[in-house]
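S.K.: Sequence and predicted model, in that order:
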Amino acid sequence: MIGIEIKKGDQSRKIDCESNNFIFIGAGDGQAGPWRDDENFERMYLDEKHIINQRYIRNVEELIRKYSVYLSGIWASSICVIVDEAWEPSEKANKNSSSKIDIKKAPTLFKLTFGYEFVIYMKQYWIDNWSSAQLNAALMSQLLRINPEESGIYKYTEDYQSRLVATFGIGYLEPHTIIPDLLQEDIKIRGFKEASGQISIADIETEE
């Protein structure tokens, strides 16, 4: 058990934490948003199906550090990972609900509460069926969708319009597909060859 002491002038109070998993959040100064200390924060259930799982941020940090030429201006501290632990494939699943991984701007209340700018959404089913190389590639695919200049997300689908598809090929996130590991090897991230008059990924609409 960890004891935390909070002091205010000559007064103080103590909080006992049952595990080394906690986050401090304080009201920020207006538009600056909340301040937080999440060094010890790793997991928290949001409901019976969804869990914040920040252990994947270690992979994000390593990807940003290694591939800074592609991910300039992106900070791991601004990203939260939420995992759906209950989802399983279904014939009734639509394209959006069956996507293997996605990234979105954090909902306003979530941002104001936790201080994260972006949320990566994953499903435990796919995580369990991926190799470590596929997990890293999936995370990289979403980091490349962040537009740090406008704090937005590029709108395109991972299945056909991703630079990771151009790098590894369609189906690189299908179970049992073997791809090189971005964190173990030096891999050049490819783009798409532009036809005459074709727009590039940089021109794709950004989600505000």
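M.R.: Ah, there it is. Computed from a predicted structure; not experimentally measured.
S.K.: how about the nearest residue to residue 85, chain neighbours excluded?
M.R.: residue 124 (4.5 Å; C-beta to C-beta, 6 or more residues apart in numbering). To be clear about C-beta, it is placed using only N, CA and C from the backbone, and glycine gets the same treatment.
S.K.: What is the burial count for the one you found?
M.R.: Residues contacting residue 124 under the criterion other C-beta atoms under 10 Å number 16.
S.K.: do residue 138 as well
M.R.: Residues near residue 138, counting by other C-beta under 10 Å: 22.
S.K.: Assign a three-state SS to it, would you?
M.R.: Under DSSP: H, G, I helix; E, B strand; the rest coil, the three-state class of residue 138 is helix.
S.K.: how much space between it and residue 154?
M.R.: 16 Å (C-beta to C-beta, to the nearest Å).
S.K.: ditto for residue 88
M.R.: Distance from residue 88 to residue 154, by C-beta to C-beta: 29 Å.
S.K.: Neighbour count: the two, which is higher?
M.R.: Higher neighbour count among residue 88 and residue 154: residue 154, with 19 against 9, using other C-beta under 10 Å.
S.K.: so the more buried one bridges to which residues?
M.R.: Listed by DSSP bridges, the beta-bridge partners for residue 154 are residue 206.
S.K.: how about the most centrally placed residue in the chain, what does it touch?
M.R.: Nearest to the mean C-alpha position of the chain, counting by C-alpha atoms, centre = their mean, stands residue 120 at 3.3 Å. By C-beta atoms under 8 Å, 6 or more residues apart in numbering, the contact set of residue 120 is 56, 60, 79, 80, 81, 82, 101, 102, 103, 139, 142.
S.K.: isn't the last one right up against residue 104?
M.R.: No: look at residue 142 against residue 104 with C-beta atoms under 8 Å: they stay out of range, at 9.6 Å.
S.K.: These two: which has the busier surroundings?
M.R.: Between residue 142 and residue 104, counted using other C-beta under 10 Å, the more crowded position is residue 142 (24 against 14).
S.K.: ok, the more buried one to residue 71 distance?
M.R.: For residue 142 relative to residue 71 (C-beta to C-beta), the value is 11 Å.
S.K.: residues making contact with stretch 19-30?
M.R.: By C-beta under 8 Å, 6+ apart, the residues outside stretch 19-30 that reach it are 2, 4, 34-38, 40-44, 113-115.
S.K.: Go through those and flag which are in helices.
M.R.: Among the contacts of stretch 19-30, DSSP state H puts 113, 114 in helices.
S.K.: so what strands line up beside the helix or strand harbouring the residue nearest to the centre of the chain?
M.R.: Using DSSP states H and E, residue 120 falls within strand 118-123. Here strand 118-123 is paired, per DSSP bridges, with strand 79-84 (parallel), strand 101-105 (antiparallel).
S.K.: For the last one, list every residue counted as buried.
M.R.: Looking back up the chat, that one is strand 101-105. Buried residues in strand 101-105, defined by neighbour count with 16 or more other C-beta atoms under 10 Å: 101, 102, 103, 105.
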